[in-house]
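Undergrad: for reference, the sequence and a predicted model appear below.
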Amino acid sequence: MRSESSGRERSSGTGRLLTGVAWVVLLLGLWLWGREVTDVRQGTSAPTTGDMAAVGRPPEARLPPALKPLGEARPQRIDIPAMGVQAPVVSRGLDPRGAIDPPPFDQPGVVGWYARGAKPGAAGTALFVGHVDTETRPAVFYRLSALRPGETVRVIRDDGTVAEFTVDDVRVLARDRFDAQQAYGPHRSGRAELRLITCGGTFDRATRSYSANVVVSAYLSGTGL
């Protein structure tokens, strides 16, 4: 956690975050405004963020069948065992510029959920965003690109249920040829799906932005209490 007295550093870090998050969500807006999307093409980019252990893709995993969507309930916490993440979830809307208002920059362990979209576990695609890093240390989604197909994401909901998702795709999408359909479109219609999104690629200090976005896709495969 950075000192409150470090105003210039905090301002620089906030600019870095907002540049990445706002860019992602402006593209998301194209999808939310009614672009009809069906199947999504398979990506081939190797995942790279600050975590270089994720380079390369694994052989195709054997994935469990999808579970019928659940009723609607709001997320409270997200657990990603393979990343060692147990993070609180906060509802986020849009800021005055039309971008998702991200979690506070001084709370790098918090995940934001786009509350105007689908609820996790219900039919549709629930959208979660998190920081990859701060000016001084890794943040909640630092190791997001290291997730592999077949691994589990658990969302604890406010009705007491746990929606368990299986990762089926990990993409790193370059910003100069970003395809919103690939990032946000459903892999299969009628399922309950999940997207975990953060910045990726390399950080350009001149523009204070990342060159890509990491997008992890998952689908509902189980429930728990």
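TA: Perfect, thanks for sending it.
Undergrad: low-confidence stretches in this protein?
TA: For the chain, the stretches flagged by pLDDT under 70 are 1-60, 95, 97-100.
Undergrad: if we use 50, what do you get?
TA: The chain contains residues with pLDDT under 50 at 1-27, 29-57.
Undergrad: tell me where it has strands.
TA: Secondary structure of the chain by DSSP state E: the strands cover 75-80, 85-92, 111-114, 124-129, 152-157, 162-174, 192-204, 209-224.
Undergrad: would you turn those strands into JSON lines with distance to A183?
TA: Backbone N, C-alpha and C define where each C-beta goes, glycine included. Shown next, in JSON lines, are these (distance: least, C-beta to C-beta, whole Å):
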{"stretch": "strand 75-80", "distance to A183": "19"}
{"stretch": "strand 85-92", "distance to A183": "18"}
{"stretch": "strand 111-114", "distance to A183": "13"}
{"stretch": "strand 124-129", "distance to A183": "10"}
{"stretch": "strand 152-157", "distance to A183": "17"}
{"stretch": "strand 162-174", "distance to A183": "6"}
{"stretch": "strand 192-204", "distance to A183": "7"}
{"stretch": "strand 209-224", "distance to A183": "5"}
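Undergrad: of all those strands, which lies closest to A139?
TA: strand 192-204 (8.2 Å; C-beta to C-beta).
Undergrad: A146: which of the strands of the chain is closest?
TA: When the strands of the chain are compared (using C-beta to C-beta), the closest one is strand 162-174, at 8.5 Å.
Undergrad: packing partners for the closest one?
TA: strand 152-157, helix 180-184, strand 192-204, strand 209-224 (3 or more C-beta pairs under 8 Å, 6 or more residues apart in numbering; DSSP states H and E).
Undergrad: tell me which strands that strand pairs with, and in which orientation.
TA: strand 152-157 (antiparallel), strand 209-224 (antiparallel) (DSSP bridges).
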